[in-house]
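S.K.: return atomic coordinates for the entry below.
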Amino acid sequence: MVSKVALLLAVLVCSQYMAQGVYVISKGEWGGRAPSWTVALGNYLGYAIIHHTAGSYCETRSACEAVLRSVQNYHMDALGWPDIGYNFLIGGDGNVYEGRGWNRMGAHAAEWNPYSIGISFLGNFNWDTLEPNMIAAAKNLLNDAVNRGQLSSGYILYGHRQVSATECPGTHIWNEIRGWSHWSG
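M.R.: Numbering: from 1, shown residues only. Now for the predicted structure:
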């Protein structure tokens, strides 16, 4: 009996790990600054909003870390925000990087911030190419958000241009996400 309970616990732990198996490179790992303050973000949110940084594209972890620090410095120093605006960012290397992270409100889509997570791709996707590893990372992150309870299972996916007057998330991302299952036009 004890072995059956141990097996059941092992299966539950492993299934939890697999459900939340997206590796997110922490802010500490990429050399990010601590936020000056944070605001809690609820669970079972109804929206995920996709962005691009409209800046430099990166293909290696070291290059992406430098771009992330630059974006964070711009958001904090030039815009006066308490942290980088997005919850998560995805580099051309296919890695997911922590921005504000889970359960912290972003500053990425004005009135939508309390109801959404913001995921941004590093680069300007009016001309940069969205690679398959980046698409897979974003889809896995969205699935993880549902599994964690950060997003509701029926969440709606928007491109930033659907909630603000902007070109964001760039033409290439826009064309891609319109085919994703939770996208809403």
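S.K.: dump the C-alpha coordinates for stretch 132-144 into CSV.
M.R.: Provided in CSV are the C-alpha atoms of stretch 132-144 (Å, rounded to 0.1, in the frame of the first residue of the first chain):
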residue,chain,number,x,y,z
PRO,A,132,9.5,28.4,-35.0
ASN,A,133,11.3,28.2,-31.6
MET,A,134,9.8,31.5,-30.6
ILE,A,135,6.3,30.5,-31.6
ALA,A,136,6.7,27.2,-29.6
ALA,A,137,8.0,29.2,-26.6
ALA,A,138,5.0,31.5,-26.6
LYS,A,139,2.4,28.7,-27.0
ASN,A,140,4.0,26.7,-24.2
LEU,A,141,4.1,29.8,-22.0
LEU,A,142,0.4,30.4,-22.6
ASN,A,143,-0.4,26.8,-21.8
ASP,A,144,1.6,27.1,-18.7
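S.K.: isn't Trp37 up against Pro82?
M.R.: Yes - using CB atoms under 8 Å, Trp37 is in contact with Pro82, at 4.7 Å. (Glycine included, C-beta is placed from N, CA and C.)
S.K.: the two: who's more crowded?
M.R.: Pro82 (16 against 6; other CB atoms under 10 Å).
S.K.: give the contact list for that one.
M.R.: Pro35, Ser36, Trp37, Thr38, Met76 (CB atoms under 8 Å, 6 or more residues apart in numbering).
S.K.: what's the answer for His160, then?
M.R.: Ile49, Ile50, His51, His108, Ala109, Thr166, Cys168, Pro169.
S.K.: how about it: what's its closest non-neighbour residue?
M.R.: Cys168 (3.8 Å; CB to CB, 6 or more residues apart in numbering).
S.K.: tally up the residues packed near Pro114, please.
M.R.: Pro114 has 12 nearby residues by other CB under 10 Å.
S.K.: now the helices: where do they sit in the chain?
M.R.: 2-19, 27-30, 61-73, 132-148, 171-177 (DSSP state H).
S.K.: least reliable of those helices going by mean pLDDT?
M.R.: Least confidently modelled of those is helix 2-19, at a mean of 42 by mean pLDDT.
S.K.: buried stuff in stretch 100-111?
M.R.: In terms of neighbour count (16 or more other CB atoms under 10 Å), stretch 100-111 has its buried residues at Arg100, Gly101, Trp102, Arg104, Met105, Gly106, Ala107, His108, Ala109.
S.K.: now render the residues you listed as JSON lines, adding pLDDT and distance to Gly92.
M.R.: JSON lines is the format used below for those (pLDDT from 0 to 100; distance: CB to CB, whole Å):
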{"residue": "Arg100", "pLDDT": "98", "distance to Gly92": "21"}
{"residue": "Gly101", "pLDDT": "97", "distance to Gly92": "21"}
{"residue": "Trp102", "pLDDT": "97", "distance to Gly92": "23"}
{"residue": "Arg104", "pLDDT": "98", "distance to Gly92": "25"}
{"residue": "Met105", "pLDDT": "98", "distance to Gly92": "27"}
{"residue": "Gly106", "pLDDT": "97", "distance to Gly92": "21"}
{"residue": "Ala107", "pLDDT": "97", "distance to Gly92": "24"}
{"residue": "His108", "pLDDT": "97", "distance to Gly92": "20"}
{"residue": "Ala109", "pLDDT": "96", "distance to Gly92": "23"}
